[in-house]
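All I have is the shape, not the residue letters:
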């Protein structure tokens, strides 16, 4: 698709909006601020203005940066406008400021270098955590690596797509997932050369083409029946962003579509094969946070898994987004903070977008009020957002992936009745 | 202008004044279907007062400086009343006033700030087994302030009436910043406060007289039973509807949809049937009996039952206008006639549509024969369709249209307009001496 046609399509989609405002009733960010530019309807008007060159891109940044790309608006739009698609496209036109150092993007396609750097960063993190300058999420010394067991040729094969957050921050989730898959009689492969799915790049308005190409190359050389992932963000990207990446050849595009059909959320995969044979031992009360990007099917499946693990579940779907996606862009405030005299402390205060913090704090507060002892969710991104907050505000609550809880309960041998 | 903005910011606080280009663009329009982007007029800025004191100071400042003002709530109005009509208009948002102040379940009165959405009030009232009858389909986003200012209704107007029927008291702030409490807030239904019933002037004033602040609203107890059915007709939906009304039944909703709308609502692109949505509420015996009678009438008019109403139908219905607009831009034209002549009215519309070669979608509230037409943009002269629809209405001896979102567009043709127009013109300077309030919207008072 040429750029010009892409713009025309975008224009057609935006023109469908009659500003009825249904989207505002479900937008988690609008619910907090109540400002038109913080809601899908306002952003759509700005996207139109961007196309018509009636606004400078710089002036529209704040409105788009406040969008969590959670997709709730997509579900209610009576005109069926692909809102999230429009917002991703709009980000490509904007000078967004990523929250991470530039180096990060250079490394996005080089997992080997990342693996090499991880122990160093991990030690640095521990040092900084002691100085209380900033609370970083815990970074393990080693990223996830699949223990090498030659895959059994007779078994059906699943490719495990861990995703960057699981791989770097939560190797224990990956291990639980792999163990669960193996216990279902599935051979698991997880090529170390897979790179970032591209979602963070797309959220920061960058091209995903290189990431998609690299991954397609790796995936083409593997044989597998399913692509299983513990991250709904990666899943949504594989399904919805990869086929529309710029500049793909027809062959590559066909490959992405073929892949999209093979993708499955780990929760759904485990619940589908319901040879559930678990010890029912009470795992205590769990607060379930539904990740915005998780499909209905995966959500039901995750709840099913938690139930089989003997957890008592409390939840409130109306709460919506935890604000995790807001953390990948820099706040304007930070720029000011950096130039002020007491820069280091200001930096610590402003690093986190207040909005992201408010959204996450809301969920933690509800969870604590429900009397749950831990928060369960199906997305490592959400875990990072909720656990990062946990240091100061959530007290004794721990945050886990649904598969972790499920596997914990299976580790205990079943009690005889 | 910068100095003026700074003074406004002093009143509301910097964080509640949105004057950047992005905000001005985003607030430039409300839900209107026929306007093209080039027709938007950007507001000077948007101020979000946090209490009535700030509203009064803002209005006082604006009338002193001669800054035109428009009020905006959820931004769902299909008319142009909540968007700037002239350049350099200050938009005053009600979205900073979003608290339900009190829900007096014993006396069935709700005190709410104007920025509360209809859905929020409905949800809060439901916890006390009460409800607020006006139910616009944009309830999820539409606010109570706008609801009262537009005297909005929705389905079931014949049974429940419109917003004005539920207003017990209003705190208003006139154009020059004077706060007036219309009727005491503790007034009981049926007992009037001393003096003229002022509150009713502001219901339907479309923001042209005053800012509508805290509202005291009458709530009704939730009916014991609500029964809904959906019927489809090849022809004769309108005659079934008017027979239901003629029979003396009082439905809580009697909604009629032409095939274009039915295709969207039933998710059947090839649908060629009309739809009639019937709802009764009350005690169980009553709803059952009424529904039985209505079903008999529908069957005698060759109606067949479609799938029963469910959440998905309600969701599609709430988004009907936007879904139509996504097909093609249209001009929104409300029209009506006495309910007994509904079949003639709808036949007439079909004739006009065929005769002009103009695609028209029609739906609306059959119980009061208040209909909405979407005249899709096409080759023919758009005004011709509007004119012919109006001529048809006059022929059917129509009274004034109560669903008056866009009524001002044909005010000039309305019989009796001159008298009301003269009174309105005398009334306006009392509340708005400087003439700063949305002066294009109140019919007959537009400045040349």
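Arrived safely. Note that the structure is a prediction, hence the values are computed from the model and not measured. Numbers count the residues shown, from 1 in each chain, chains lettered A, B, ... in the order given.

ranges for the strands of the stretch 301-448 of chain B?
For the stretch 301-448 of chain B, strands defined by DSSP state E, counting those that start in this stretch occupy the ranges B:304-305, B:330-336, B:360-365, B:370-376.

Including distance to chain A, mean neighbour count and mean pLDDT, could those strands go into CSV?
Using the backbone N, CA and C atoms, a C-beta is placed for each residue, glycine as well. Compiled in CSV, the strands of the stretch 301-448 of chain B are given as follows (distance: least, C-beta to the nearest C-beta, whole Å; neighbours: other C-beta atoms under 10 Å in any protein chain shown; pLDDT from 0 to 100):
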stretch, distance to chain A, mean neighbour count, mean pLDDT
strand B:304-305, 25, 12, 90
strand B:330-336, 9, 22, 83
strand B:360-365, 13, 24, 92
strand B:370-376, 11, 24, 88
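
Buried residues of stretch B:90-110, list them for me.
Of the residues in stretch B:90-110, those buried under the neighbour-count criterion (16 or more other C-beta atoms under 10 Å in any protein chain shown) are B:90-98, B:100, B:103, B:108-110.

again, but for stretch A:83-90
Neighbour-count burial for stretch A:83-90 [16+ other C-beta under 10 Å]: A:83-90.

Next, format those residues as a markdown table and append pLDDT, secondary structure and distance to chain B.
Supplementary listing: the buried residues of stretch A:83-90 in a markdown table, determined by pLDDT from 0 to 100; DSSP: H, G, I helix; E, B strand; the rest coil; distance: C-beta to the nearest C-beta, whole Å:
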| residue | pLDDT | secondary structure | distance to chain B |
| --- | --- | --- | --- |
| A:83 | 94 | helix | 13 |
| A:84 | 93 | helix | 17 |
| A:85 | 91 | helix | 15 |
| A:86 | 93 | helix | 14 |
| A:87 | 93 | helix | 14 |
| A:88 | 92 | helix | 19 |
| A:89 | 91 | helix | 17 |
| A:90 | 91 | helix | 12 |
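
picking up where we left off before, pick the one among the buried residues of stretch B:90-110 closest to chain A.
Nearest to chain A among the buried residues of stretch B:90-110 is residue B:95, at 4.6 Å by C-beta to the nearest C-beta.

I'd assumed residue B:75 was in contact with that closest one.
No. When contacts are counted by C-beta atoms under 8 Å, residue B:95 is not listed as touching residue B:75 (9.1 Å).

nearest residue to the closest residue to chain B within the stretch 1-150 of chain A other than its sequence neighbours?
When distances are taken as C-beta to the nearest C-beta, the stretch 1-150 of chain A reaches nearest to chain B at residue A:78, 2.3 Å away. Of all residues beyond its chain neighbours, the one nearest residue A:78 is residue B:319 (2.3 Å), with distances taken as C-beta to C-beta, 6 or more residues apart in numbering or on different chains.

List the contacts of that neighbour.
For residue B:319, the residues meeting the contact criterion (C-beta atoms under 8 Å, 6 or more residues apart in numbering or on different chains) are A:20, A:22, A:76-79.

Tell me who's in contact with the residue of the stretch 1-150 of chain A closest to chain B.
Residues in contact with residue A:78 (C-beta under 8 Å, 6+ apart) are A:20, A:22, B:316, B:318-323, B:326.

do you know how far the residue nearest to residue A:78 is from residue A:116?
In this structure, residue B:319 and residue A:116 are separated by 52 Å, where distance is defined by C-beta to C-beta, to the nearest Å.

okay, now residue A:220: neighbour count?
12 (other C-beta atoms under 10 Å in any protein chain shown).

The one 5 residues further on too?
Here the count is done by other C-beta under 10 Å, and residue A:225 has 14 residues near it.

Give me the spatial nearest neighbour of it, chain neighbours excluded.
Counting by C-beta to C-beta, 6+ apart, residue A:225 lies nearest to residue A:156, which is 5.2 Å off, once chain neighbours are set aside.

That neighbour contacts residue A:187, correct?
Yes. Using C-beta under 8 Å, residue A:156 is in contact with residue A:187, at 7.0 Å.

Could you point out which of the strands of the stretch 301-448 of chain B sits nearest residue B:135?
Distances from residue B:135 to each of the strands of the stretch 301-448 of chain B were compared using C-beta to C-beta; the shortest belongs to strand B:360-365, at 11.2 Å.

measure the residue in chain B positioned nearest to chain A to residue A:320 for me?
Nearest residue of chain B to chain A: residue B:319, at 2.3 Å (C-beta to the nearest C-beta). Counting by C-beta to C-beta, the separation of residue B:319 from residue A:320 is 20 Å.
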